[in-house]
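# Could you look at this predicted model? Sequence included:
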Amino acid sequence: MPKIKQFTDEDLFSLRPTKLWGYFKSESFAFWMICAYLFCEYVRPQSIMPSLDILPWTQLSILGALVGVIFDRTVKWIGSAINKLIILFLAIIIISSVNAYWPSISYKNLENIYTWVVIYFLVVLIVNTRRRFFIFFLIFLIASFKISLSLAITWAKRGFSFTGWGLMGPPGFFQNSGELAIQMAVYWPVALAMTLFLKPYLSKWTYRICLAMPVTAWAVILGSSSRGGQLALACQFALKYFRQIFRPKVLITIIAVAWLSWEFLPQEQKLRFSMIGEDKTSQQRILYWQNGWEMMLDNPVLGVGYFNFIPYYQTYYRDDMLYKKAELPHNIFIQVGTDAGFIGLAVFLALISYSILSMTRLSKDKHNGLLMEASLAPAFNYSLVGFIVAGQFVTVAYYPFFWIHLAMIVALKNIANKRKAEIPRCESQNL
């Protein structure tokens, strides 16, 4: 069994590399593997250094975590309504694939959903202690910071100028500027919350470096040329600060940030906002949404079939194609609704609703031992708002944003429940 009692929470909260590495080495093989997966998925070292791209590292990490679960004695089944909803959603997708207009297309894309179900359960089962969650979450933040810092510097070197492709992330889920902006919108609220929570434990310079996480994320969103990402950022700020908006200091700060953001926004990007609904891209997306809704009404139970939107659109809505080929609907709700009907969409909305409610309850938990958990809970809701708003303009229902989010909040909720039960014993041991 790993000897982890020699490390306190405060040791990890100080972010001292020797303490973090010492704890990580003491952990189980399953935990190493799930952390390796997160690192490979978000940092993509195999793409940065082609010499490493000789093995499927993310898949091997997942397989390693699956094997590790068998031998990790701390792994126990975690009860959660989200578990049941995810399994139900997967079942609906499979049935929809069988009944699709083009089942072969559905079968080819099933990996896009069942992989996330596997990863979700691995995270929830393995990341089952406060210290494991902290290390796992820290890897998520550092990996995202690596992206945000490098791209913020790239945009600054470009003189904060506009390009048609905006900023591009590493090959993978975050390469496209729209998806990159969503990752930044998902990342900055939790990065800021963790930074503020850790402030008493950090040196002055470490704290300043941590503050660069949300700041560089904002810069990447502004430089990404993604209107959906920028709208998501505005909605997140409005939701986060609406209660304090009329306080003089807060109001002045918001006005200053809004003015600076607008000033740094390239003129070409401002023009793109003024043309919303009139440019060819916007018009095509509106047609996707209108016709996607019609597809759902015509096929209300299970939709047209999982990933059947493109062939169905090209077959029945050819007159509404402004480009040579149809694309996915550029909206997460239309995507899920056409893939799995109103039944699948209802389950998807239930997942969103339950995740928001669970984090809202946790944020109000005044238990003395849950300061970290209660601090992160509302930030996770702001992250989800970013995903939902930006997701109205891109097709990312089966990207990692939502599924990793669900895994983290269920793990966090489980840890909070365990900690409330164990806190008297922890206090007696001065943990």
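Structure's in. What do you need?
# Which is the succeeding secondary structure element to the helix or strand encompassing Q283?
Take DSSP states H and E as the rule and Q283 turns out to sit in helix 280-298. Heading C-terminal from helix 280-298, the first helix or strand you meet, by DSSP H and E, is helix 309-316.
# Buried residues in that next one, which are they?
Neighbour-count burial for helix 309-316 flags F309, P311, Y312, Y313 (criterion: 16 or more other C-beta atoms under 10 Å). Where C-beta positions appear, they are placed from N, C-alpha and C, glycine not excepted.
# and what of stretch 125-142?
In stretch 125-142, counting by 16+ other C-beta under 10 Å, buried: 125-141.
# try stretch 171-179
For stretch 171-179, by 16+ other C-beta under 10 Å, it's G172, F173, F174, N176, S177, G178, E179.
# for the longest helix anywhere in the chain, packing partners?
In the chain, taking DSSP state H as the definition, the longest helix is helix 332-363. Contacts defined by 3 or more C-beta pairs under 8 Å, 6 or more residues apart in numbering; DSSP states H and E place helix 332-363 against helix 81-98, helix 280-298, helix 309-316, helix 371-390, helix 400-428.
# most packed of these?
Among those, ranked by average contacts under mean count of other C-beta atoms under 10 Å, first place goes to helix 371-390 (a mean of 22).
# Show me the buried residues of stretch 171-179 that map onto strands.
The strands in this structure, assigned by DSSP state E, contain none of these.
# Can you list the low-confidence ranges for this structure?
1-6, 47-48, 53, 160-166, 244-247, 249-251, 253-254, 257-278, 423-431 (pLDDT under 70).
# And the closest residue to H367 other than its chain neighbours, how far from S28?
Spatial nearest neighbour of H367, excluding adjacent residues (C-beta to C-beta, 6 or more residues apart in numbering): K420 at 5.5 Å. As judged by C-beta to C-beta, to the nearest Å, K420 and S28 stand 24 Å apart.
# re the thing from before, run through the neighbouring helices and strands of the helix holding Q283.
helix 309-316, helix 332-363.
# I'd like to know which elements the first one is packed against.
The reference is to helix 309-316. So helix 309-316, by 3+ C-beta pairs under 8 Å, 6+ apart, packs with helix 280-298, helix 332-363.
# Swap in 7 Å and give it another go.
Contacting helix 309-316 under the criterion 3 or more C-beta pairs under 7 Å, 6 or more residues apart in numbering; DSSP states H and E are the following elements: helix 280-298.
# Skipping adjacent residues, who's closest to P311 in space?
Closest to P311 by C-beta to C-beta, 6+ apart is W102, at 5.3 Å.
# scratch that, P45
Per C-beta to C-beta, 6+ apart, closest to P45 is L52, 5.7 Å.
# now swap in Y398 and tell me
Of all residues not flanking Y398 in the chain, N112 sits nearest, at 4.3 Å (C-beta to C-beta, 6+ apart).
# doesn't P400 make contact with that neighbour?
No: with contact defined as C-beta atoms under 7 Å, N112 does not count as touching P400 (10.8 Å).
# Secondary structure element holding C40?
helix 29-43.
# And K366, by the same measure?
Counting by DSSP H and E, K366 is found in no helix or strand.
# Count the neighbours of it for me.
7 (other C-beta atoms under 10 Å).
# and if you look at the one 4 residues further on?
For L370, the tally of surrounding residues (other C-beta under 10 Å) stands at 22.
# Quick check, it in contact with R419.
Yes: look at L370 against R419 with C-beta under 7 Å: they come within range, at 6.3 Å.
# ok, back up a step: from W32, how far off is the residue nearest to P311?
Distance from W102 to W32, by C-beta to C-beta: 41 Å.
# now I62
Look at I62 and W32: by C-beta to C-beta, they are 13 Å apart.
# Convert the C-alpha atoms of stretch 236-246 to PDB, please.
C-alpha atoms of stretch 236-246 as PDB (Å, rounded to 0.1, in the frame of the first residue of the first chain):
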ATOM      1  CA  GLN A 236     -19.200  34.200 -17.400                       C
ATOM      2  CA  PHE A 237     -18.100  37.600 -16.100                       C
ATOM      3  CA  ALA A 238     -21.700  38.800 -16.000                       C
ATOM      4  CA  LEU A 239     -22.900  35.800 -14.000                       C
ATOM      5  CA  LYS A 240     -19.900  35.700 -11.700                       C
ATOM      6  CA  TYR A 241     -20.100  39.400 -10.700                       C
ATOM      7  CA  PHE A 242     -23.700  40.400 -11.200                       C
ATOM      8  CA  ARG A 243     -24.400  40.500  -7.400                       C
ATOM      9  CA  GLN A 244     -21.500  43.000  -6.900                       C
ATOM     10  CA  ILE A 245     -21.800  44.900 -10.200                       C
ATOM     11  CA  PHE A 246     -23.200  48.100  -8.600                       C
END
